[in-house]
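here's a sequence, model it:
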Amino acid sequence: MAIVLDVQLIDPGQLLAATALFVGAMLTAFSQIAAWRERILDRDLKIERSAGRALEEAGAHVLTSVLLSVVVSAVVLLVGATANLPSVLNEHRETTMRVLTGLATGLLTYIGLALAIVVNLMWDAFSRDRRARDQ
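The predicted model follows:
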């Protein structure tokens, strides 16, 4: 969409800050997920296995998002480097900026959606864990 609308990043530092926030949130979520999963697996109740699976899926989304955040950081750095190209290369600079901006915003959109999925999976595991303890 960013390529079609001809959106170009003026200040890639803002996108880099967003990436850092996503990484911080994801790493915090992963530590919570790992602790929760260990506690659930220690009880070894059949009812709670589905909660453990939800947490494993959430952990996979978190780690994938962390890796993609590293890729987004590299792309954002390339956007900043491309913005400073000499005027001799202006012909390719515009196209490169559009493609890199589209790639960065697309990956950040995926990471944001993955964060929403992780929150949903964590809530599901929390609800199942609470119901199992109440029984």
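
sketch out the low-pLDDT regions of this protein for me.
For the chain, the stretches with pLDDT under 70 are 1-11, 43-49, 83, 85-91, 132-135.

in contact with the residue most central in space within the chain, which residues?
Centroid check for the chain by Cα atoms, centre = their mean gives Ile111 as the closest residue, at 2.9 Å. Ile111 is in contact with 19, 22, 26, 65, 68-69, 72, counting by Cβ atoms under 8 Å, 6 or more residues apart in numbering. No exception for glycine: its C-beta is placed from N, CA and C like everyone else's.

got CSV for these, with distance to Gly102 and secondary structure too?
Below are these laid out as CSV (distance: Cβ to Cβ, whole Å; DSSP: H, G, I helix; E, B strand; the rest coil):
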residue, distance to Gly102, secondary structure
Thr19, 16, helix
Phe22, 18, helix
Met26, 23, helix
Ser65, 19, helix
Leu68, 15, helix
Ser69, 17, helix
Val72, 12, helix
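
export those to a markdown table and tack on distance to Arg39 and neighbour count?
As requested, these are exported to a markdown table (distance: Cβ to Cβ, whole Å; neighbours: other Cβ atoms under 10 Å):
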| residue | distance to Arg39 | neighbour count |
| --- | --- | --- |
| Thr19 | 31 | 23 |
| Phe22 | 26 | 20 |
| Met26 | 20 | 23 |
| Ser65 | 23 | 26 |
| Leu68 | 28 | 19 |
| Ser69 | 27 | 23 |
| Val72 | 32 | 25 |
